[in-house]
Structures are given as structure tokens and as C-alpha cells.
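Visitor: I would like to see how this sequence folds:
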Amino acid sequence: MAPPLILYDARGQSPSAAPWAPNIWRVRFLLNYKRLHYRTFWLELQDVERELTRIGAPPSAIRSDGSPVYTLPVLVDPARNPAKPKILSSPNKIADYLESAYPARPIFPEGSRAMQAMFVHYIQEVFVKPLLPIMVPMSHHRLPDQTQAYFRGGQGPAGTLVGPQREQAWLAVQEQFNFLAKIMDKNNIDGDGVVSMGHEVTYADFAIVSILIWIEQMAAHDGWARVRTWNGGRWNRLWDRCREYMDVR
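Guide: Residues are numbered from 1 along each chain as shown. Below is the predicted model:
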């Protein structure tokens with residue numbers, strides 16, 4: 001058997017805690033959907049730059065002063081050349097690579113790459129923004145103690161929203177879900193009314209469900225209990241369509 005692909009992921013509060021980071025879940029979905037042989041390499045967030053530098057991973061961005069930024073996910077594919085494996089950063093680049101290198105079970109139906117790229121950009125840059133004041137502090141509190149201490153040294157995230165502020169934040173989140181539901185409802189005419197491309201799950205759906213997993217992991221009772229009922233239960237149906245690709249290895 002060929003050596004497994006390696007997905008670098010962020011460790012939660014305990015070794016048994018389920019992964020939660022949306023950008024990394026997008027890649028995990030692809031690996032599971034394509035039925036690829038892979039394993040997870042767990043990292044503490046404070047160790048990301050050191051470890052990714054050690055393995056020669058490309059930076060995910062460059063700061064204005066020219067210094068590199070290293071973030072997860074990173075995927076290592078030793079299958080073609082174990083002595084010099086392919087190492088990729090950023091979920092979109094990883095998705096393009098997996099689709100080209102492992103074309104079986106495609107996640108980009110023919111002619112859909114540009115539209116899906118625009119859709120995922122919207123999810124990343126617009127749709128998720130109202131969630132950040134709620135989810136980022138909650139995610140910080142679910143990190144291992146030493147990782148929390150590391151980020152507190154750099155001031156860390158703002159405090160968790162409570163009371164009316166929290167309810168107002170969830171209303172802003174619901175507005176984004178309502179808008180997205182109206183767009184996706186157009187598939188009721190000639191699709192199944194659940195997935196973004198009409199009939200089969202694609203990268204766009206994985207981008208949405210990755211956000212749903214983040215909410216479910218960090219705010220199961222306060223967040224996911226709301227979201228799963230919005231828009232006539234659409235998001236719960238989408239979750240169920242993608243459930244078989246939620247394995248963690």
C-alpha cells in the first residue's frame with residue numbers, strides 16, 4: 001500500500017476532542033469523499049510555525065514586512081515521491097491539487113470550478129463574518145490550556161458575548177443563513193433542494209458544512225440547536241447529506 005497522505009490539524013482541548021477548524025474540515029471532507037488513504041498529524045497551534053518550517057511547507061501568506069505566515073491546514077502527499085513529497089498549504093490549493101492528482105469521485109463537476117471558487121470565497125469572506133464575534137472566543141476557550149496561555153501572552157481574542165449582545169449577534173448570523181437559503185432554494189426547480197450544485201455534494205457544500213461543524217462543536221446547545229431548525233431544517237438536511245464524509249482518522 002502506498003504511504004498515506006498526511007493532514008496537519010489543530011489539536012483540541014484533549015486528544016479525544018473532535019476537530020473543529022472549518023478550513024481544515026474542508027480538506028478532511030475531500031479526503032473522505034475521495035476515499036483516499038490518509039492520517040492526521042495533530043499539532044498545538046503554538047507549534048505550527050516551527051513544525052511547518054521544519055517540513056518545508058510553503059507559507060500560507062506573506063506579511064507586509066516580507067515575513068512568512070504559517071497556518072493550517074497543510075497536506076503532505078508522499079505517494080508520488082516519498083523522498084520528496086508534495087507539500088501544500090491553504091484549503092483551496094489543496095482542493096485543486098486533490099482534484100487533479102486524484103480525479104476519481106470529482107468534487108468539481110465539469111465547468112463549475114469558477115462558480116464554486118466564487119461561492120467558497122463568499123462563504124469565507126462574507127457569510128462567516130457575523131459568526132466570528134461568537135465563535136472565536138468560544139474556540140479559544142476550547143484550546144488546550146498551554147495553547148490558551150500562549151495566545152493570552154499575545155492578548156488573545158476578545159471576551160465571549162453574553163445577553164443582548166449575543167442575541168443580536170445570532171440575529172446577524174441568521175440573516176446570512178436566510179440569504180444563502182434563498183439562493184440555494186433556486187435548486188428546488190431542477191435539483192434536490194439541498195446541495196449547492198443541484199444533485200451531488202461538491203466542494204461548495206463542504207465549505208458550508210465545515211462552518212456547521214464549527215458551530216456544532218463550539219456551541220451545540222446555543223448555536224447548532226438554533227441553526228439546524230432555520231430555513232425549514234435545510235441546514236440539518238445538508239449536514240445529513242455530508243455525514244458519511246465526517247470520519248476522523
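Visitor: list the contacts of the residue nearest to residue 215 when sequence neighbours are not counted.
Guide: Distances taken as Cβ to Cβ, 6 or more residues apart in numbering place residue 223 nearest to residue 215, at 4.4 Å, with adjacent residues excluded. Backbone N, C-alpha and C define where each C-beta goes, glycine included. Applying Cβ atoms under 8 Å, 6 or more residues apart in numbering, we find residue 223 in contact with 134-135, 170, 215-216.
Visitor: swap in 10 Å and give it another go.
Guide: By Cβ atoms under 10 Å, 6 or more residues apart in numbering, the contact list for residue 223 reads 131, 134-135, 138, 170, 173, 212, 214-217.
Visitor: nearest to residue 227, of these?
Guide: Nearest to residue 227 out of the contacts of residue 223 is residue 215 (Cβ to Cβ; 5.8 Å).
Visitor: doesn't residue 235 make contact with the closest one?
Guide: Yes - the criterion here is Cβ atoms under 10 Å, and residue 215 meets it with residue 235 at 9.3 Å.
Visitor: overlap in contacts, those two.
Guide: 224, 226-228.
Visitor: from one end of stretch 125-134 to the other, what's the distance?
Guide: From its first residue to its last, stretch 125-134 covers 16 Å (Cα to Cα, to the nearest Å).
Visitor: average pLDDT for it?
Guide: Mean pLDDT, computed over stretch 125-134, is 96.
Visitor: how distant is that stretch from the center of its chain?
Guide: 13 Å (Cα atoms, centre = their mean, to the nearest Å).
Visitor: report the separation between residue 92 and residue 29.
Guide: 13 Å (Cβ to Cβ, to the nearest Å).
Visitor: quick one: which of these two has more around it?
Guide: Per other Cβ atoms under 10 Å, whichever of residue 92 and residue 29 has more neighbours is residue 29, with 25 against 17.
Visitor: just checking, residue 108 touches residue 116?
Guide: Yes - between residue 108 and residue 116 there is a contact under Cβ under 10 Å: 6.1 Å.
Visitor: mind listing the shared neighbours of these two?
Guide: 95, 197, 202-204.
Visitor: understood, closing this out.
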